[in-house]
Structure formats: C-alpha cells, structure tokens
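Undergrad: what shape does this take:
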Amino acid sequence: MSNTETNEKQSLENLFADTNISMKSGHLVKDAELIGDGKFAKFRIATNKEFLDTEGKVRNMANYFNIIVSSNLKDAFAIAQSLKKGDWVYIKGEDSSRSIDTVEGYKDTGVTTFAYKVVLKKEKTEQVPDEGEASEANPQPA
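TA: Residues are numbered from 1 along each chain as shown. All right, here's what the predicted structure looks like:
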C-alpha cells in the first residue's frame, strides 16, 4: 500500500471517529423559554414513531427530546428563543447524557441535545398533544 493510500485510509477512519451528531425533526410541546439569565433557549420537541403491534395494527408513539441552544450561536438562538408550541422544527446538534440519583434510590438518566442549527420548518398549524398524554399520541405527521 502506498503512502497516499495509507494517508487516505487513515483520514477516512478518523473522519467518523467518536462522532456525536444528532438530527431531529419534531413539534414543540410548549413555547421555548430562556434560562440561565437569558444565555440559553430551552425547548422540548415531540417526534412520532409508527410501528406494528403484535396484532399487526399500526400504532403511533410519541418520543420527547430536550433541546438547549446557546446565545453564543446567534442564528440558531434567534430562531430558538421565539419558537412556540406546535411549531415544526429541524435541529442539528450534539447529544449529552447526565445521570442523577433519585430520592427513591434509583439512577435516572436524561439526554439533552445541544443544538447548533435550528430551522423553523413550519409554524403551528394543528394542536400538538401535551406531554404525558397516552403513549399512542400522534404529535403531527412529519
């Protein structure tokens, strides 16, 4: 193998080494809010997953994701801070997990996406289910 081929192979191997990129598209379950003295915008999105149950019937399940956007990212922050419940957004960022010990003695792990790209795909058009409704809730078709 030549030096050039070896370098190209190493470059390709390193290209995807330890990659943490997350892309999500969903609807806000409530208005975005500013936290940390206005340094961050925080919101939660619902995504819809279709699957077949054991009887072959199509079911829908909503999944919920926490999103944080830093005010240092001016373009993403400008969009994020004005998002409203029901808005359909696309986000790109990095996932981060954190575990805490609950008062009941269990470990609880949460995942938050720190977004560096936020795109408003469509403003609210229909009602979005509140978090906590039946697991077969259909937030809105994607």
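Undergrad: all helices in this protein, in order from the N-terminus.
TA: Applying DSSP state H to the chain gives helices spanning 3-15, 74-80.
Undergrad: weakest of the ones you listed in terms of mean pLDDT?
TA: Ranked on mean pLDDT, the bottom entry among those is helix 3-15, at a mean of 68.
Undergrad: I figured Tyr64 hits Lys30, correct?
TA: No. Here Tyr64 lies out of contact with Lys30, judged by C-beta atoms under 8 Å, at a distance of 10.9 Å. The C-beta positions use only the backbone N, C-alpha and C, and glycine is treated the same way.
Undergrad: identify the contacts common to those two.
TA: Taking C-beta atoms under 8 Å, 6 or more residues apart in numbering as the criterion, Tyr64 and Lys30 both touch Arg44.
Undergrad: low-confidence stretches in the chain?
TA: 1-7, 9-10, 12, 15-16, 125-142 (pLDDT under 70).
Undergrad: can you show me the strands along it?
TA: With DSSP state E as the criterion, the chain has strands at 22-28, 33-35, 40-52, 58-70, 88-101, 107-122.
Undergrad: would you mind finding the most buried of those?
TA: strand 22-28 (a mean of 19; mean count of other C-beta atoms under 10 Å).
Undergrad: so in that sheet, which strands flank that strand, and in what orientation?
TA: Counting by DSSP bridges, the strands paired with strand 22-28 are strand 40-52 (antiparallel), strand 88-101 (antiparallel).
Undergrad: reformat those strands as CSV; add distance to Ser22.
TA: Output for the strands paired with strand 22-28, formatted as CSV (distance: least, C-beta to C-beta, whole Å):
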stretch, distance to Ser22
strand 40-52, 12
strand 88-101, 5
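Undergrad: among those, which comes closest to Val119?
TA: strand 88-101 (4.4 Å; C-beta to C-beta).
Undergrad: got the CA coordinates for the closest one in PDB?
TA: Presented in PDB, the C-alpha positions along strand 88-101 are these (Å, rounded to 0.1, in the frame of the first residue of the first chain):
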ATOM      1  CA  TRP A  88     -42.400  22.200  13.500                       C
ATOM      2  CA  VAL A  89     -38.600  22.400  13.700                       C
ATOM      3  CA  TYR A  90     -35.400  20.700  12.500                       C
ATOM      4  CA  ILE A  91     -32.400  20.700  14.800                       C
ATOM      5  CA  LYS A  92     -28.900  19.500  14.500                       C
ATOM      6  CA  GLY A  93     -26.500  19.300  17.400                       C
ATOM      7  CA  GLU A  94     -24.800  17.000  19.900                       C
ATOM      8  CA  ASP A  95     -26.400  14.800  22.500                       C
ATOM      9  CA  SER A  96     -25.200  14.800  26.100                       C
ATOM     10  CA  SER A  97     -26.400  12.500  28.900                       C
ATOM     11  CA  ARG A  98     -26.500  13.000  32.600                       C
ATOM     12  CA  SER A  99     -27.300  10.600  35.400                       C
ATOM     13  CA  ILE A 100     -28.700  11.600  38.800                       C
ATOM     14  CA  ASP A 101     -29.700   9.600  41.900                       C
END
